[in-house]
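> Sequence first, predicted model second:
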Amino acid sequence: MLEGEEGDAVRKAMELLVALGEVFGAGRLTPVESAHISGVSYKNLGDAGTEWLEEQAELGSRTRVRATLNPAGMDMEKWAEMGVSPGFAKGQVRVIEAFKRMGVEPTCTCTPYLIGHVPRTGAQVAWAESNAVCFCNSVLGARTNRESGPTTLASAVTGLTPLYGYRLDENRRPGKIVQVATELETRLDYSALGYVTGKLLGNAVPYFRGLGRPDIESMKTLGAACATSGGVALWHGEGVTPEAGWAAGHLDGVEEVTVERGDLEEARDRLVCDPSNPTYCVGCPHCSLREMAETAELVKGRDLGGRLWVFTSRGVYGEAAKAGHVQAIEEAGGRVYRDTCMVVAPLREMGWEGVATNSFKGGHYSVAHGFETEITTLDRLVEGAAG
Ligand code: F3S
């Protein structure tokens, strides 16, 4: 491949992977079973990034393993309703078309694991997007580093990745024990715990004790938050995650930190304020079908006046529409969008002033982008949107 026997596109992809492997001291390459590719929003790619993708498609880049796509900057159908400009939409369509030409599934979601892209435990994959990486490593027990858009595409095209980092047992050992000394009652508590953990540990591997019995949604928000605040790519949960039993055998001499209720509250107080004109957002990471159902139930009989925005994948959207959840949210004056989210959409251009969210990851980026931000539970978001 490196010598160009399979064409220029494959040669370029392989050059990137070899360089990456050399930087990280990888001994060899290993096959990957799938890829999840980030760097999709035209907001971040601009014309230069879009042209680069088109060039790759033109050169003949084609995926040889299953590859799914992260969120774009807009709902690919309802973009005008979102307030996205025709110029932006044109650029975004070019991006998606380039990926499609290369054989990438235009899933446009950060939760591919909720729509059937579920690597098996122990599988080597090349995934990007911090929450997806964290879920993949921790909850599914598959193996990926925190890849980038170009490296995931290169792995999709070659079917290979350098063998280093979280792909090896030695780097999946716990870095610190996190003793949770409070009952985690809501999904927001799990999100806060993730955020506090990332701040405390950086990118060390947490081994949680006292997580209770988190559902899928709590685990996705926990991982999203600790990946954002600290760069965590893998966590173990005693009695919860598939490698926790193995990890428990590597706890000798591992330092312990304790997280209490006060730490969770302090994290929120430090991060946010009280925005005067927020848009209320649900769906970071993208909503599961259960979250769509819960939101639909909560908004019954309310008048949301277009202020509640719900983000999900097109896969979940289809199921939620069949079950009547999309219609229930829209009838109450909420909006439901696919393919995009509150972080990768061009919010300024869309006229947003402030953000209220039930996600520490979403809240973190909202603050970083200069928006007045509030973080609260789903039911309070619905109440807020209804005035
Ligand atoms: Fe997903 Fe966007 Fe949040 S990509 S994790 S919904 S910032």
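All right, it came through fine. Keep in mind it's a predicted model, so treat the numbers as computed, not measured.
> Residue 119: what's it in contact with?
Going by Cβ atoms under 8 Å, 6 or more residues apart in numbering, residue 119 touches 33, 34, 125, 136, 140, 142. Just so you know, the C-beta spots here come from the backbone N, C-alpha and C atoms, and that holds for glycine as well.
> and if we set it to 6 Å?
33, 34, 125, 140, 142 (Cβ atoms under 6 Å, 6 or more residues apart in numbering).
> which one among those gets closest to residue 367?
Set against residue 367, the nearest of the contacts of residue 119 by Cβ to Cβ is residue 140 (30.0 Å).
> which residue sits closest to the closest one, ignoring its sequence neighbours?
residue 119 (5.9 Å; Cβ to Cβ, 6 or more residues apart in numbering).
> And the one you found, what's its pLDDT?
Residue-level confidence at residue 119 comes out at 98, pLDDT.
> What residues does the protein have near the ligand?
Counting by Cβ under 6 Å from any ligand atom, the chain comes close to the ligand at 71, 110, 131, 224, 284-286, 311, 341, 343-344, 361-362, 365.
> One more pass at 8 Å, please.
Neighbours of the ligand within the chain, by Cβ under 8 Å from any ligand atom: 70-71, 109-111, 129-132, 224, 283-286, 311, 340-344, 359, 361-362, 365.
> for the stretch 151-300 of the chain, what spans make up the helices?
187-201, 216-230, 244-248, 261-271, 289-298 (DSSP state H, counting those that start in this stretch).
> would a markdown table of those with mean pLDDT and mean neighbour count be doable?
Listed next are the helices of the stretch 151-300 of the chain as a markdown table, based on pLDDT from 0 to 100; neighbours: other Cβ atoms under 10 Å:
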| stretch | mean pLDDT | mean neighbour count |
| --- | --- | --- |
| helix 187-201 | 97 | 25 |
| helix 216-230 | 98 | 26 |
| helix 244-248 | 98 | 16 |
| helix 261-271 | 92 | 16 |
| helix 289-298 | 98 | 20 |
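> Include distance to residue 65 when you put those helices into TSV, please.
As requested, the helices of the stretch 151-300 of the chain are exported to TSV (distance: least, Cβ to Cβ, whole Å):
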stretch	distance to residue 65
helix 187-201	29
helix 216-230	23
helix 244-248	26
helix 261-271	38
helix 289-298	27
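> Any regions of this protein where pLDDT drops low?
In the prediction, the chain carries no residues with pLDDT under 70.
> And the residue nearest the centre of it?
The centre of the chain sits closest to residue 131, judged by Cα atoms, centre = their mean, with a distance of 3.6 Å.
> which non-adjacent residue is nearest that one?
residue 224 (3.6 Å).
> Surely that neighbour and residue 129 touch.
No - with contact defined as Cβ atoms under 6 Å, residue 224 does not count as touching residue 129 (9.4 Å).
> three-state assignment of the residue in the stretch 51-200 of the chain that the ligand sits nearest to?
With Cβ to the nearest ligand atom, the shortest gap between the stretch 51-200 of the chain and the ligand falls at residue 110, namely 3.2 Å. What DSSP: H, G, I helix; E, B strand; the rest coil gives for residue 110 is coil.
> who's in contact with it?
So residue 110 contacts 70, 71, 129, 131, 132, 285, 286 (Cβ under 6 Å, 6+ apart).
> Backbone dihedrals for the third one, both of them.
Comment: the main-chain dihedrals of residue 129 come out as phi 80, psi 120, following degrees, to the nearest 10.
> what about it, how many neighbours?
28 (other Cβ atoms under 10 Å).
> Please tell me how far it sits from residue 119.
14 Å (Cβ to Cβ, to the nearest Å).
> How far does stretch 251-271 stretch from one end to the other?
Taking Cα to Cα, to the nearest Å, stretch 251-271 runs 32 Å from one end to the other.
> Against which helices or strands is the longest helix seen in the chain packed?
Longest helix in the chain, counting residues (DSSP state H): helix 42-59. Helices and strands touching helix 42-59, by 3 or more Cβ pairs under 6 Å, 6 or more residues apart in numbering; DSSP states H and E, are helix 86-101.
> quick one: the helix it packs on to helix 42-59, angle?
Following axes from the mean of the first three to the mean of the last three Cα atoms, to 10 degrees, one obtains 40 degrees for the angle between helix 86-101 and helix 42-59.
> what does helix 86-101 contact?
Helix 86-101 has contacts (Cβ under 6 Å, 6+ apart) with 42, 50, 53, 54, 57, 69, 72, 73, 74, 79, 106, 346.
> Out of these, which end up buried?
42, 50, 53, 57, 69, 72, 73, 74, 79, 106, 346 (16 or more other Cβ atoms under 10 Å).
> who touches the fifth one in this structure?
It stands for residue 69. 37, 40, 99, 104, 106, 107, 108.
> ok, and the most crowded of the contacts of residue 119?
That'd be residue 125 among the contacts of residue 119, by other Cβ under 10 Å, with 27 neighbours.
> I'd say that residue and residue 145 touch.
No - in this structure, residue 125 is not within contact of residue 145 by Cβ under 6 Å, at 10.0 Å.
> Could you count how many residues lie near the residue found closest to residue 37 once you drop the neighbours it is linked to in the chain?
Once flanking residues are discounted, residue 37 sits nearest to residue 152: 4.4 Å by Cβ to Cβ, 6+ apart. Using other Cβ under 10 Å, residue 152 has 29 other residues around it.
> can you map out the strands along the stretch 1-150 of the chain?
Applying DSSP state E, counting those that start in this stretch to the stretch 1-150 of the chain gives strands spanning 29-31, 34-37, 66-69, 126-127.
> And the stretch 251-387 of the chain, by the same measure?
Under DSSP E, counting those that start in this stretch, the stretch 251-387 of the chain gives strands at 256-259, 278-287, 308-312, 335-338, 354-357, 372-375.
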